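Asks: Here's my sequence, what's the structure:
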Amino acid sequence: MSGALGKDSSVEQNRPATRSGAAEARVSSAAWVNLAVATFGILVNFWAWGLISPLGPTYKEQLGLSSFQQSFLVAVPVLVGALGRIPAGALTDRYGARVMVPAVSFLTVLPVLALSVFDSLAMLLVVGFVLGIGGSFFAVGVPYVNAWFPPNKRGTAIGVFGIGTGGTAIAAFFTPRLLRWVDDVNFQFYLVACVLVAYGLIAAVLVRDAPNRNVPDRLFGPRFTAALKQPSTLPMSLLYAVSFGGFVAFGVYLPTYLREVYSLSQDSASTRAAGFTVVAVLCRPIGGALSDRIGPAKVLIATYAVLGVTAVWQAFTPGLMPQATIAFLVMAGMLGAGSGAVFALVANLTPKDKVGTVTGLVGAAGGLGGFVPPLIMGSVYSGTGSYAIGLMLLSDAAFAAMVYCAARLLGRDRRPAAEAGAASEAGAAAAPDAAGGGPAVSGEAGDPARTAQWQADESGESGEIGATRTPGRPHRHPPG
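Replies: Numbering: from 1, shown residues only. All right, here's what the predicted structure looks like:
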């Protein structure tokens, strides 16, 4: 490859220069542009996805819903947004973000406009079901962003992309206010539909798939099965169900919780719920960046430990100011940072041609983790008049996740720099590639069975993130 590198300047632009000791991958300006487009896209689609939740009390009054019916109504888009991520991620692997990003945005316009004509609970449930398409944008954006960045920058990049999940905060904050300011609930539906159309048109022009994107040559069924067989898929799914599931659950149910427990007005409850979401999404890139530096397992152990303690504290219903406010803001930060750390694991441990499919599975688990708690909270409150049991269940899940990370992931979630350097030197001396290039990449630290997977992953990303190597210079391994 070194000879070709000198002959092809177009290839040179996509590949970083090497330094003594390690190859430092450079992030191109195109990567940052596509990251910005993806982040704005998830912001807009999540705004649409979150429209029903802040209107839950309004629909409850209009349709005479019980607490459980209201909980089910606000949870339906979460469910479909979760399950929809599986085919959305797989389709992104196959057709690329250039097709899928505008497609998801345009399709989400339809249920948003349909919200303006509903006349029954059954119809509203159907519309909410289809509205879940907006929530599937996450599984489109992760492989899109992931492909543009080198392994040691993916945690940060996916964390920045995750800021866009704050679109639910926009919905929580502005929906009740727009209803009061304009006195026409349909105005905001038309507004969101126009924004989605405008974004879809912009995305059709600006979105580009990363150079040398890996296109799977197999059908969805075999790829889905292969993604399920990845050794890290199930653990990452369960961890994400706690982190992102908790975030989604609070995002959709916190307004109801604050109104019922602390007798807040709808505006005040929605404002506090929006603040919860903002803190969570701002902490998500922090979790990703910390994962790039110290490893995702350490970040997850810390976040789950603090989350478990604060959930127990809130189960005793402390005063709103400042105890409960501090508890919820701390929980928001831990859920956001934990979500960023989990997807740092996805980026580190998943072969590139499977990232979309695995992202769909992990994202679906996170969405399902957000679907179940509102139903539990509504049922528990209807039966006991208290939310304590639901919060204690959250603490149990957080402590269980913490123990798992400490027992199974610590020291295995990324390779130490010294080990990576030694492996590079040994590989460069023993088995240079056909182009005069670099070392074979060993498997996950402590797990020789992952060697073949890492080799396949490394060879698949050579053209995209600059894995071209000069003879005699070691190659920097992905932080997995």
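Asks: CA atoms for contacts and neighbours, from now on please.
Replies: OK.
Asks: where does Ser20 land on pLDDT?
Replies: Listed pLDDT for Ser20 reads 35.
Asks: Likewise for Ile163?
Replies: So, for Ile163, pLDDT stands at 86.
Asks: Can you report how many residues neighbour the residue nearest to it when sequence neighbours are not counted?
Replies: Sequence neighbours aside, Val281 is the residue nearest to Ile163 in space, at 4.7 Å (criterion: C-alpha to C-alpha, 6 or more residues apart in numbering). For Val281, the count of nearby residues is 28 (other C-alpha atoms under 10 Å).
Asks: correct me, but Val281 touches Gly162?
Replies: Yes. Here Val281 reaches Gly162: they are 6.5 Å apart, a contact under C-alpha atoms under 8 Å.
Asks: ok, back up a step: please tell me how far the residue nearest to Ile163 sits from Met334.
Replies: The gap separating Val281 from Met334 is 10 Å, by C-alpha to C-alpha, to the nearest Å.
Asks: pretty sure Ser232 contacts Asn348?
Replies: No. Using C-alpha under 8 Å, Ser232 is not in contact with Asn348, being 10.3 Å away.
Asks: still on that earlier bit, mind listing what the residue nearest to Ile163 touches?
Replies: Under the criterion of C-alpha atoms under 8 Å, 6 or more residues apart in numbering, the neighbours of Val281 are Gly162, Ile163, Gly164, Thr165, Gly166, Gly336.
Asks: Let's see that with 7 Å instead.
Replies: Gly162, Ile163, Thr165, Gly166, Gly336 (C-alpha atoms under 7 Å, 6 or more residues apart in numbering).
Asks: Which one of those residues is nearest to Asp396?
Replies: Checking the contacts of Val281 against Asp396 with C-alpha to C-alpha, the nearest one is Gly336 at 18.3 Å.
Asks: Contacts only, for the closest one.
Replies: Residues in contact with Gly336 (C-alpha under 7 Å, 6+ apart) are Ala280, Val281, Cys283, Arg284.
Asks: what about the strand or helix carrying Ala169, distance to the chain center?
Replies: Ala169 belongs to helix 167-182 when assigned by DSSP states H and E. Relative to the centre of its chain, helix 167-182 is centred 23 Å away, using C-alpha atoms, centre = their mean, to the nearest Å.
Asks: And the contacts of that helix?
Replies: 43-44, 46-47, 50-51, 54, 185, 188, 267, 270-271, 273-274, 277-278.
Asks: what's near enough to touch Gln70?
Replies: Taking C-alpha under 7 Å, 6+ apart, we find Gln70 in contact with Gly56, Lys60.
Asks: what separates it from Asp209, distance-wise?
Replies: Applying C-alpha to C-alpha, the value for Gln70 to Asp209 is 41 Å.
Asks: again, but for Ser265
Replies: 46 Å.
Asks: So for these two, which residue has more residues nearby?
Replies: Comparing Ser265 with Asp209 by other C-alpha under 10 Å, the one with more neighbours is Asp209, at 18 against 13.
Asks: just to revisit the earlier point, of the contacts of helix 167-182, which one scores lowest on pLDDT?
Replies: Lowest in pLDDT among the contacts of helix 167-182 is Val185, which has 76.
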